[in-house]
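K.L.:
Using only what follows, build the 3D model:
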Amino acid sequence: MLVAMSVFAWLAWTSREEPGIGRVAGGRMSSAATSAIPDERFESLAAFQAPEYKPDPRAPQVFRAAMAKYTQQNYSDAARALRTVADSKPDLAAARFYLGVSLLLSDNRIAGIQELRTLTMSGDNPYLERARFYLAKGLIAEHDIPRAQQQLQDLIAQHGDLEKQATALLTQIQPS
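P.N.:
Residues are numbered from 1 along each chain as shown. Reported below is the predicted structural model:
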């Protein structure tokens with residue numbers, strides 16, 4: 001019992017540093033930027049279509065099987081399967097990216113945010129730009145505007161394919 005209480009206390013304490021989790025663990029987000037956006041707008045600003053997956057025959061079979069669930073829009077099952085892949089193949093950035101997106105789409109935003117954050121912090125990879133964009137969307141859904149703004153600013157600085165979308169989204173969440 002003491003161990004369980006210790007683990008819970010540690011998780012509550014460390015979660016204050018994670019994006020979007022501070023509110024869940026007891027902290028309250030108080031930001032002028034957050035109050036400038038009406039509550040009903042958060043959902044529409046955070047909404048997105050699942051990014052398309054193009055099958056790669058060179059990918060491990062276990063990843064391809066998980067992505068079959070993703071392409072069928074079965075995001076909960078895809079997330080479970082992708083978790084197994086990501087845990088067994090931590091260097092497979094595609095597994096982390098699609099796991100994060102699947103978690104966001106299956107209403108497990110906090111876990112999705114954590115996966116995408118891990119991917120963005122892991123350095124340069126082929127999914128970095130898209131991971132930042134979907135991470136920002138997840139943060140907006142959690143009403144964490146300051147961290148969403150930071151992700152969008154970092155994304156814009158990359159000058160990639162999503163620069164215009166990131167600029168437009170950043171403009172919509174900036175305080176007036």
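K.L.:
can you map out the helices along this structure?
P.N.:
2-15, 32-35, 39-46, 61-71, 75-88, 93-105, 109-121, 128-141, 145-158, 163-173 (DSSP state H).
K.L.:
how about those helices in CSV, adding mean neighbour count, mean pLDDT and distance to Pro55?
P.N.:
Where C-beta positions appear, they are placed from N, C-alpha and C, glycine not excepted. Formatted as CSV, the helices of the chain follow (neighbours: other C-beta atoms under 10 Å; pLDDT from 0 to 100; distance: least, C-beta to C-beta, whole Å):
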stretch, mean neighbour count, mean pLDDT, distance to Pro55
helix 2-15, 10, 46, 36
helix 32-35, 14, 49, 40
helix 39-46, 13, 85, 28
helix 61-71, 17, 97, 7
helix 75-88, 20, 97, 14
helix 93-105, 26, 97, 11
helix 109-121, 22, 97, 20
helix 128-141, 25, 97, 17
helix 145-158, 19, 96, 26
helix 163-173, 15, 95, 25
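K.L.:
Any chance of CSV for those helices, columns distance to Glu52?
P.N.:
Shown next, in CSV, are the helices of the chain (distance: least, C-beta to C-beta, whole Å):
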stretch, distance to Glu52
helix 2-15, 32
helix 32-35, 31
helix 39-46, 19
helix 61-71, 9
helix 75-88, 14
helix 93-105, 11
helix 109-121, 17
helix 128-141, 11
helix 145-158, 19
helix 163-173, 15
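K.L.:
Kindly check the end-to-end length of stretch 156-164 for me.
P.N.:
8 Å (C-alpha to C-alpha, to the nearest Å).
K.L.:
Any idea how far it is from the middle of the chain?
P.N.:
With C-alpha atoms, centre = their mean, to the nearest Å as the basis, stretch 156-164 stands 18 Å off its chain's centre.
K.L.:
So what touches that stretch?
P.N.:
Leu128, Glu129, Arg130, Arg132, Phe133, Leu155, Ala166, Thr167, Leu170 (C-beta atoms under 8 Å, 6 or more residues apart in numbering).
K.L.:
mind redoing it with 10 Å?
P.N.:
124, 128-130, 132-134, 136, 152, 155, 165-167, 169-170 (C-beta atoms under 10 Å, 6 or more residues apart in numbering).
K.L.:
ok, of those, which one's closest to Ala78?
P.N.:
Of all the contacts of stretch 156-164, Ala78 sits closest to Tyr134, with 14.6 Å by C-beta to C-beta.
K.L.:
measure that closest one to Pro146 for me?
P.N.:
Separation of Tyr134 from Pro146 (C-beta to C-beta, to the nearest Å) stands at 18 Å.
K.L.:
returning to what we had before: nearest to Tyr53, of the helices of the chain?
P.N.:
Taking C-beta to C-beta, helix 61-71 is the member of the helices of the chain nearest to Tyr53, at 5.4 Å.
K.L.:
All set now, cheers.
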